[in-house]
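Asker: the following comprises the amino acid sequence and a computationally predicted model.
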Amino acid sequence: MIQITVIQIDNYGPWTVTPNPRRESDLQALQSRLYADLNLMFGAHKGLVFYTRFDNLIAITNGIDLITHKRIQESIRNRYPFTVSMAIASAETPYEAQKLATETLQEHGSAQDENRKEVLDVTNELVVDGYVQIAHIDINNITGTLTDIVSAYDTYLNVNKVKLALMEELLKHNALLFFIGGDNFMSPSNGMNEEDFLDIFNRINKKYKIELKAGIGIGRTAEDASNLADIGLEKIRGKLVDKNVCTLKQDDFLEQNITTGRLCGLQR
Ligand SMILES: Nc1nc2c(ncn2[C@@H]2O[C@H](COP(=O)(O)OP(=O)(O)OP(=O)(O)O)[C@@H](O)[C@H]2O)c(=O)[nH]1
């Protein structure tokens, strides 16, 4: 089971234009700061936040309890000109968990309801014995094929095409995908195996002539999983594995049949 928290700024739309539209550069700075702050606060408890649309954010929060969520909400209220609402849900897959959490938030009222303020709710149980699987996906040699060759905007466009293709392919497995900078993506992907990823990479390669690779981490928390995913990616870059995926599991999960993929961590 993966635990996901959907975070939404309360009544943000009206605030951005009251009494007059606020300066866009200030709004961009404020949104980026909120994202940074949420990552620092959830990250201190081994969670991980993705910015999605900045006014709505999605966090992986396995191991993070209700009191901690409440303290984070209070800290935002004390330091920002708005409050945030949060709903927590767990499910076998990331897509299902975020869907349940979103529905809970929606039941409390609209994102633009001035009476809905600092909601904190749990859809089902908080995860005690679950796990997080994260794939860190990277475009092969973007520096040599795009960054150093075509314009900055053309590289950006290509990265976004790949992003959309990955989002659509991964959704078929109820997995999510978030851009994390450069040519990197992270996919909360509980339930998927290495073959699933290789199939997707092959299809995208045929269409866009872009090669992808992924370190896949399985751990107790988002931090554990993403750290292992990073190490897996480094093993591929270092040619320590013979394919473009490498799965590493935290010790607790070694005996569990979570993925059918061969573990590249055991090949040394
Ligand atoms: N957020 C994040 N960004 C990264 C990470 N590694 C690289 N990047 C970003 O990705 C850009 C490209 O770096 P690489 O992916 O190493 O470059 P590359 O040319 O594709 O090389 P290979 O990945 O070895 O094929 C960097 O400029 C960073 O912006 C990472 O672990 N996390």
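Answerer: Received the coordinates, thanks.

Asker: how about whichever residue of the chain sits closest to the ligand: what's its closest non-neighbour residue?
Answerer: Closest contact between the chain and the ligand, by C-beta to the nearest ligand atom, is at G182 (2.1 Å). In short, each C-beta sits where N, CA and C put it, glycine included. Excluding its sequence neighbours, the residue lying closest to G182 (C-beta to C-beta, 6 or more residues apart in numbering) is I142, at 7.3 Å.

Asker: OK, contacts around that neighbour?
Answerer: Contacts for I142 were tallied using C-beta atoms under 8 Å, 6 or more residues apart in numbering; they are T155, V159, G182, D183.

Asker: pLDDT value on the third one, please?
Answerer: This points to G182. According to the prediction, G182 has pLDDT 95.

Asker: burial count for it?
Answerer: Using other C-beta atoms under 10 Å, G182 has 13 other residues around it.

Asker: can you check the second one too?
Answerer: Residues contacting V159 under the criterion other C-beta under 10 Å number 19.

Asker: let's number from 29 now, not from 1
Answerer: Sure, I'll start counting at 29 from here, so that last one is V187.

Asker: mind listing residues that contact whatever helix or strand it lives in?
Answerer: Per DSSP states H and E: V187 is located in helix 180-199. Applying C-beta under 8 Å, 6+ apart, the contact partners of helix 180-199 are 123, 165, 167, 170, 174-175, 178, 204-205, 207, 211, 213, 215, 217, 220, 228, 231-232, 235-236, 238, 240.

Asker: buried subset of these as a ChimeraX selection?
Answerer: A single ChimeraX command selects the buried members of those (16 or more other C-beta atoms under 10 Å):
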select :123,165,167,170,174,204,205,207,211,213,215,217,220,228,232,238,240
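
Asker: F213 should be in a strand, yeah?
Answerer: Yes - F213: assigned to a strand according to DSSP: H, G, I helix; E, B strand; the rest coil.

Asker: now the residue nearest to it when sequence neighbours are not counted, which residues is it bridged with?
Answerer: The spatially closest residue to F213, leaving aside those adjacent along the chain, is I165, at 4.4 Å (C-beta to C-beta, 6+ apart). With DSSP bridges as the criterion, I165 is bridged to F213, A242.

Asker: correct me, but I165 touches M214?
Answerer: Yes - if you go by C-beta atoms under 8 Å, I165 and M214 touch, sitting 7.3 Å apart.

Asker: pretty sure D149 sits in a helix.
Answerer: No - D149: not assigned to a helix; according to three-state DSSP it is strand.

Asker: what's the neighbour count on it?
Answerer: 16.

Asker: repeat for D176
Answerer: Residues near D176, counting by other C-beta under 10 Å, number 9.

Asker: same question, G71
Answerer: 14.

Asker: count the residues that sit near S179.
Answerer: Neighbours around S179, by other C-beta under 10 Å: 9.

Asker: how far away is it from D279?
Answerer: 46 Å (C-beta to C-beta, to the nearest Å).

Asker: work out for me the element the residue lying closest to V155 once chain neighbours are set aside sits within.
Answerer: Distance criterion C-beta to C-beta, 6+ apart; nearest residue to V155, sequence neighbours excluded, is Q31 at 4.1 Å. Using DSSP H and E, Q31 sits in strand 30-37.

Asker: okay, the helix or strand just after that strand in PDB with CA atoms only?
Answerer: Where DSSP H and E defines the elements, the next helix or strand beyond strand 30-37 is helix 40-44. C-alpha atoms of helix 40-44 as PDB (Å, rounded to 0.1, in the frame of the first residue of the first chain):
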ATOM      1  CA  TYR A  40      -6.300  30.600  -4.200                       C
ATOM      2  CA  GLY A  41      -7.800  31.700  -7.500                       C
ATOM      3  CA  PRO A  42      -9.800  34.600  -6.000                       C
ATOM      4  CA  TRP A  43      -6.800  35.600  -3.900                       C
ATOM      5  CA  THR A  44      -4.500  36.000  -6.900                       C
END
